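[1] task: produce atomic coordinates for the following.
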Amino acid sequence: MSMTLDTDKEKEEQQQFLIEKSGVSSINDLNLLTTLNLPACNLSSLPTELPRLVPNLSILFCPKNHFKELPAIIGECPNLQMVSFKDNGMESIHPDALQPQMRWLILTGNKIQSIPETIGRCKKLQKFMMSGNSLTTLPNAISELTNLELIRLACNQIQEVSDYLTT
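    Just a heads-up that it's a prediction; the model follows:
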């Protein structure tokens, strides 16, 4: 029973946090929320209840926080299409964060060294912005992203670009 109470209390705290940060007035409004902008909130993680508390979330911007990894929890948000974690000092991308519905992925100004092969799941990806990271190579799965309209890789340490990016 205490485990349930702890979980309920944690869920309530997460609800309150999201209400305060999103500017909505109630828990019911969280259900309707489609855009969440959390700039410079001193965050290093997202609420574990995010997919359930904000089920219609389609745009998530978290610039200038303290994330070390693109959180796996965003992969559980079924409608999330636009994601931006600019200037976080992020070092990695959790493989489960990358899901098929994603259309924009903006991770500029971080310290990411590699992109997981699960990027190949993101068949709808149109904009992929990775400038200002520490990439040295790109995964082969990039070739599966046939809807890419824009890919930004400036200010990385990539020595060679595969043929599928130059054609």
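
[2] every contact and neighbour count from this point should use C-alpha atoms.
    Fine.

[3] find the least confident helix or strand in this protein, judged by mean pLDDT.
    In the chain, no helix or strand scores lower on mean pLDDT, DSSP states H and E than helix 163-166, which sits at a mean of 57.

[4] in the protein, which spans are strands?
    Here the chain has its strands, by DSSP state E, at 35-37, 59-61, 69-70, 82-84, 92-93, 104-106, 127-129, 150-152.

[5] what is the end-to-end distance of stretch 122-138?
    Using C-alpha to C-alpha, to the nearest Å, one end of stretch 122-138 lies 15 Å from the other.

[6] now it, how far from the chain's geometric center?
    Here stretch 122-138 is found 12 Å from its chain centre; the criterion is C-alpha atoms, centre = their mean, to the nearest Å.

[7] can you pull the buried residues of it?
    Going by neighbour count (16 or more other C-alpha atoms under 10 Å), the buried part of stretch 122-138 is 122-135, 137-138.

[8] what do you get for stretch 148-158?
    By neighbour count on 16+ other C-alpha under 10 Å, the buried set for stretch 148-158 is L148, I151, L153, N156.

[9] gap between the two ends of that stretch?
    Across stretch 148-158, first to last residue, C-alpha to C-alpha, it's 19 Å.

[10] residues contacting that stretch, please?
    124-138 (C-alpha atoms under 8 Å, 6 or more residues apart in numbering).

[11] correct me if wrong: E144 contacts K124.
    No - in this structure, E144 is not within contact of K124 by C-alpha atoms under 8 Å, at 10.1 Å.

[12] how much space between R152 and A97?
    20 Å.

[13] still on that earlier bit, which one of the buried residues of stretch 148-158 sits closest to N110?
    Each of the buried residues of stretch 148-158 was checked against N110 using C-alpha to C-alpha; the closest is N156, at 10.2 Å.
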